[in-house]
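Student: starting from these lines, generate the structure:
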Amino acid sequence: MKKLLLSLALATAATLQAAAPLVLNVWPGPPPGETKTLPPEADQTKDSDKLIAGRRIIKLGNVSTPQLAVYRPAKEKDTGAAVLICPGGGFNILAYDLEGTEVAAWLNSIGVTGIVLKYRVPFRDPQQRWLAPVQDAQRAMGLVRAHAAAWQIDPQRIGILGFSAGGATAAYAALLGEERKYPAVDRSDEQRCRPDFALLIYSAGFVQRAETEFKSPVPLTKDVPPMFMVHAFDDGVPVQNTLLLAAAVKKLGGSAEVHVYDTGGHGYGLRPVPELPVTTWPARAAEWLARRGLLAKP
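Tutor: Now for the predicted structure:
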């Protein structure tokens, strides 16, 4: 296992040294519902914050201008598949490297375009903390499909991946199908906003802490894409978020692959830790993607 983890770490580090990403704004003007001016966007990490796998993380806060950062794989590896990445952070900040750029690097290593979504935080609506992020994610899916030809991406193989609150964002975007949560802005919004598949890593959004009841703030439709899910049993974000969502997907006639590990806690991203098998989840995810034909070159 140690050899596998070392290989993953080296591959990720090498890919992070690749060319700078293409960056573009998600909205042509102010995002829907924006009425307040926030302080400047900034990394809010403190020296006293917990390290992840011995390293600091970027806690990006005060995001008012949602953006996409498009990381392309090496041409000889490119499969034509793409994944929109939604970092977590409790809808307060974005763990931008741990659950964003490092994930794009891993996706690039298996031939997939990684697109990091910098969605709006902190939350705008206390009653619907997820709404602005989901609007940004739906708009981003349309943008990616609108640019698919120019970016050499297969518009039928564009998925979404999210962690924690970003997992809730990804899950809601997948479950909503084509029910767009904002008025159309331009021709990009004529594209499909439903992802073709979803990967949910220690996702929140369906079961509150210290509770076991499944509640979805968005309707569950039968047009649910295939899902891959990972959770640790000792996660403070209840493992029932994953288990009960998988059961709901099953009831809808959909497909889900679920990996639950006995230990690992929360917020490990894909930084390998030898004593935590949960951090080998990227290998399982790559196998799932391959079995679904998503890593085959066009």
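Student: what about the stretch 1-150 of the chain, any weak spots by pLDDT?
Tutor: Filtered on pLDDT under 70, the stretch 1-150 of the chain yields the residue ranges 1-18.
Student: now do 80
Tutor: Counting by pLDDT under 80, the stretch 1-150 of the chain contains low-confidence ranges at 1-19.
Student: buried sites along stretch 247-263?
Tutor: Buried residues in stretch 247-263, counted by 16 or more other C-beta atoms under 10 Å: Ala248, Val249, Gly254, Ala256, Glu257, Val258, His259, Val260, Tyr261. (Glycine included, C-beta is placed from N, CA and C.)
Student: and the residue nearest to Ala53 when sequence neighbours are not counted, how many neighbours?
Tutor: Leaving out its chain neighbours, the residue that sits closest to Ala53 by C-beta to C-beta, 6 or more residues apart in numbering is Arg271, at 3.6 Å. As a burial measure, Arg271 scores 21 neighbours (other C-beta atoms under 10 Å).
Student: my read is that Arg271 contacts Glu102, right?
Tutor: Yes: between Arg271 and Glu102 there is a contact under C-beta atoms under 8 Å: 7.3 Å.
Student: show me the two of the buried residues of stretch 247-263 that sit farthest apart.
Tutor: Spatial extent of those (C-beta to C-beta) is set by the pair Gly254 and Tyr261 at 22.9 Å.
Student: quick revisit: which residues does the residue nearest to Ala53 contact?
Tutor: Residues near Arg271 by C-beta atoms under 8 Å, 6 or more residues apart in numbering: Ala9, Ile52, Ala53, Arg55, Leu98, Glu102, Thr279.
Student: equivalent analysis for Gly177, please.
Tutor: Contacts of Gly177 by C-beta under 8 Å, 6+ apart are Arg194, Thr221, Asp223, Val224.
Student: would you list every one of the helices in the stretch 151-298 of the chain?
Tutor: With DSSP state H, counting those that start in this stretch as the criterion, the stretch 151-298 of the chain has helices at 165-175, 240-251, 281-291.
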